[in-house]
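# sharing a model that was predicted from the sequence below.
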Amino acid sequence: MQKAAVQDRPAIALTVNGERRSLHARTPRELLAELELEGEFFAIAVNRRVITRTRWSEAVLRDGDSVEIVTPRQGG
């Protein structure tokens, strides 16, 4: 879906990485685009349930959901 079409929807309240935000995205993939996060190197959980990358375009985000987006890090 194009960014302009997403922006035409009413915003919903999502908590993203602990921060309450008003956003237009309805799927994890749209959320990544709206937040201008590029690539596939993320793990996404909605309401503490991991969403597999294959479902990023299918899983539905709802008003009040809590979303965690994390990236892997190397450590030592």
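Sure thing, it's come through. All values reported here derive from a predicted model rather than from experimental measurement.

# so where do the helices sit in this protein?
Remark: helices assigned in the chain by DSSP state H are 3-7, 28-34.

# would you turn those helices into CSV with distance to Val16 and mean neighbour count?
The way it works is simple: take the backbone N, C-alpha and C, and place the C-beta from them, glycine included. Output for the helices of the chain, formatted as CSV (distance: least, Cβ to Cβ, whole Å; neighbours: other Cβ atoms under 10 Å):
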stretch, distance to Val16, mean neighbour count
helix 3-7, 15, 11
helix 28-34, 7, 20
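
# what sits against Pro72?
For Pro72, the contact set (Cβ atoms under 8 Å, 6 or more residues apart in numbering) comprises 41, 43.

# let's have the chain start at 155 instead
Yep, numbering from 155; the last one is Pro226 now.

# that one and Phe196: what is the separation?
9 Å (Cβ to Cβ, to the nearest Å).

# again with Arg202
Taking Cβ to Cβ, one finds Arg202 at 16 Å from Phe196.

# which residue of these two possesses the greater neighbour count?
Phe196 (16 against 7; other Cβ atoms under 10 Å).

# gap between that one and Ala187?
For Phe196, the distance to Ala187 - Cβ to Cβ - is 12 Å.

# what do these two both touch?
By Cβ under 8 Å, 6+ apart, Phe196 and Ala187 have no common neighbours.

# now Glu222. Nearest residue, chain neighbours left out?
Ala199 (4.5 Å; Cβ to Cβ, 6 or more residues apart in numbering).

# what is the neighbour count of that neighbour?
Ala199 - counted by other Cβ under 10 Å - has 14 other residues nearby.

# same check, this time on Leu177
When neighbours are counted by other Cβ under 10 Å, Leu177 registers 18.

# got any ranges where the chain has weak pLDDT?
Within the chain, the ranges that satisfy pLDDT under 70 run 155-159, 230.
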